[in-house]
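J.: based on what follows, work out the 3D shape:
(one chain, ligands or ions: 1)
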Amino acid sequence: MTTLTARGLSRTYPTGSGDVHALVEADLEVHDGELVVVRGPSGSGKTTLLNLLGGLDRPSSGAVFLDETELSALAEKEALELRQATLAFVFQSFGLVPVLSAAENVEVPLRLRRIAGGEREERVAAALAAVGLTPHANQRPYELSGGQQQRVGIARALVTDPQVLIADEPTGQLDSATAATIMDLLAELTSERGIAAVVSTHDPLLIGRADRVVQLHDGHLTAANVES
Ligand SMILES: Nc1ncnc2c1ncn2[C@@H]1O[C@H](COP(=O)(O)OP(=O)(O)OP(=O)(O)O)[C@@H](O)[C@H]1O
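T.: A predicted model of the protein is given here:
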């Protein structure tokens, strides 16, 4: 069981036309089994925040902790090991390998971790069943709908038994009905497995699935007024 914590997290991008303060002193704590939705308009800093929380980028100042371990202070190799052991990502554009079947896509992270063949098969089957895709295991991404492709993306994230899930606009490419079912699935699976989840969206219809909503505005993170 893991708590993901951000303390005074800031990210400034130096550009030709001056510094962009994409994230300013953000504080956030996400507990196991909790789904926090980060909402905010385009350019407000959602991707910047999620990349920092997932250790894909380094803060200009402040820190990210996984329990007591400061992820943002680890050397690259240690950060990678901790990310592999703890974190999983779901992407807006699904990030599937087009020449691999659904099952083979879900298997990729297990191969990277050198899990033995028999165990891989069992875990892939269980992950596909959890997202309702067993009948589609052998289809390639182009033979699946957008919602089904994102289910593969979720199965691939969950097959490693992560303690933290980071999903940047996971429903951004889906119609609103499909988006709602994907958010329901994420909420159900992360709660049932005790995963600390951070999901960004700018779709106000999806925030109802959150345990908590935070709002980004010009890089400033605040608790959201859900009614607005
Ligand atoms: N690598 C970069 N270099 C310079 N500026 C950047 C870089 N990445 C992001 N920014 C700027 O930082 C701010 C926050 O960007 P970010 O991508 O985090 O926003 P977002 O809320 O995820 O937007 P969207 O919803 O459109 O994906 C924006 O002003 C953006 O232009």
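J.: pLDDT at residue 97, what is it?
T.: At residue 97, the pLDDT value in this model is 96.
J.: for the chain, which residues are neighbours of the ligand?
T.: Near the ligand, the residues belonging to the chain are 13, 15, 20, 22, 40, 42-48, 202 when assessed by C-beta under 6 Å from any ligand atom. To be clear about C-beta, it is placed using only N, CA and C from the backbone, and glycine gets the same treatment.
J.: where exactly do the strands run in this structure?
T.: Ranges of strands within the chain are 4-15, 18-30, 35-39, 61-66, 69-70, 87-91, 164-168, 196-201, 212-217, 220-223, based on DSSP state E.
J.: distance of the residue nearest in space to the middle of the chain from the ligand?
T.: Among the residues of the chain, the one closest to the centroid is residue 166, at 1.9 Å (C-alpha atoms, centre = their mean). Counting by C-beta to the nearest ligand atom, to the nearest Å, the gap from residue 166 to the ligand is 13 Å.
J.: OK, contacts around that residue?
T.: 50, 53-54, 87-90, 197-198 (C-beta atoms under 8 Å, 6 or more residues apart in numbering).
J.: export those to a markdown table and tack on neighbour count?
T.: Shown next, in a markdown table, are the contacts of residue 166 (neighbours: other C-beta atoms under 10 Å):
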| residue | neighbour count |
| --- | --- |
| 50 | 20 |
| 53 | 28 |
| 54 | 22 |
| 87 | 23 |
| 88 | 24 |
| 89 | 20 |
| 90 | 23 |
| 197 | 28 |
| 198 | 25 |
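J.: any idea which of those residues is closest to the ligand?
T.: residue 50 (7.7 Å; C-beta to the nearest ligand atom).
J.: can you give me the buried ones in stretch 55-65?
T.: For stretch 55-65, the neighbour count (16 or more other C-beta atoms under 10 Å) marks 55, 57, 59-60, 62, 64-65 as buried.
J.: which of the residues you listed lies closest to the ligand?
T.: Nearest to the ligand among the buried residues of stretch 55-65, counting by C-beta to the nearest ligand atom, is residue 57 at 8.8 Å.
J.: ok, now how distant is that closest one from residue 186?
T.: Noted for residue 57: a distance of 23 Å to residue 186, by C-beta to C-beta, to the nearest Å.
J.: residue 20 now?
T.: Taking C-beta to C-beta, one finds residue 20 at 30 Å from residue 186.
J.: from memory residue 133 sits against residue 153, does it?
T.: No: using C-beta atoms under 8 Å, residue 133 is not in contact with residue 153; the gap is 10.8 Å.
J.: more neighbours, those two?
T.: residue 153 (26 against 21; other C-beta atoms under 10 Å).
J.: residues in contact with the lengthiest helix in the chain?
T.: If you go by DSSP state H, the chain has its longest helix at helix 176-192. By C-beta under 8 Å, 6+ apart, the list of residues contacting helix 176-192 from outside reads 33, 35, 90, 130-131, 145-147, 150-151, 154, 158, 165, 167, 170-171, 174, 195-197, 199, 201, 203, 205-206, 209-210.
J.: of those, buried ones?
T.: 35, 90, 130-131, 146-147, 150-151, 154, 158, 165, 167, 170-171, 174, 195-197, 199, 201, 203, 206, 209-210.
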